[in-house]
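[1] generate coordinates for the sequence data below:
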Amino acid sequence: NRATRATLEGIPPGAYVRVEFEAMPRALLEQFDARFPLVIGGLSNTDASNADGGGGMCFIKARIKRHRWKRGVLKSHDAAFVSIGWRRLQVMPVFSMDDDGGVVRSRFLKYTPDSLHCNATFWAPRITPGVSVVLLSSLSRADAEFRVAATGVVT
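    Numbering: from 1, shown residues only. Have a look, this model is predicted:
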């Protein structure tokens, strides 16, 4: 029986569910277009708080390289969209490069280098090292530019 199985195991990933809302903002009702899906998501309690030392928000350091088809450079503190694993969020990355010479320090970069890797540091939910990162300059469909700004990996 499906109902008994859903009660015991929960709803499987990828399944469609019906959600009923109460007291929706008027702007959402006026601008809703049924041709595009409404994606519902959020942070779990372990992602949103750092009280238990488990999840929480922290600074993520990723080693990235500007995509070769992206025109121009990326600037530190400019808003960008990042895709890390299954998460999609808006961040303001700070770019840096590790200095050589045996001293462990990072040098701030105002812009990303043309053909070199650099570090991007941003505030996001905790994620394990080795996860792929994609920086997007815009999510607008109207932009004629190439949207993938940089790719990399969490270090």
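[2] low pLDDT regions in the chain?
    42-55, 101-102, 142-146 (pLDDT under 70).
[3] state the next helix or strand along the chain beyond the top helix by length along it.
    Using DSSP state H, we find that the single longest helix of the chain is helix 2-9. As assigned by DSSP states H and E, the chain's next helix or strand after helix 2-9 is helix 26-31.
[4] how close does Val133 sit to Leu109?
    17 Å (CB to CB, to the nearest Å). Every C-beta, even on glycine, is put in place using the N, C-alpha and C of the backbone.
[5] tell me which of these two has more neighbours.
    Using other CB atoms under 10 Å as the criterion, Val133 and Leu109 rank with Val133 on top: 23 against 19.
[6] contact partners for His77?
    Each residue near His77 by CB atoms under 8 Å, 6 or more residues apart in numbering is listed here: Met92, Pro93, Val94.
[7] of all those, which comes closest to Phe21?
    Lowest distance from Phe21 to these (CB to CB) belongs to Met92, with 30.8 Å.
[8] quick check: that closest one vs Ser132, distance?
    For Met92, the distance to Ser132 - CB to CB - is 20 Å.
[9] strands of this structure, start to end?
    Secondary structure of the chain (DSSP state E): strands at 57-66, 80-84, 87-91, 94-98, 106-109, 118-125, 132-136, 148-154.
[10] which of the ones you listed sits closest to Gly14?
    Gly14 sits nearest to strand 87-91 of all the strands of the chain, at 16.9 Å, using CB to CB.
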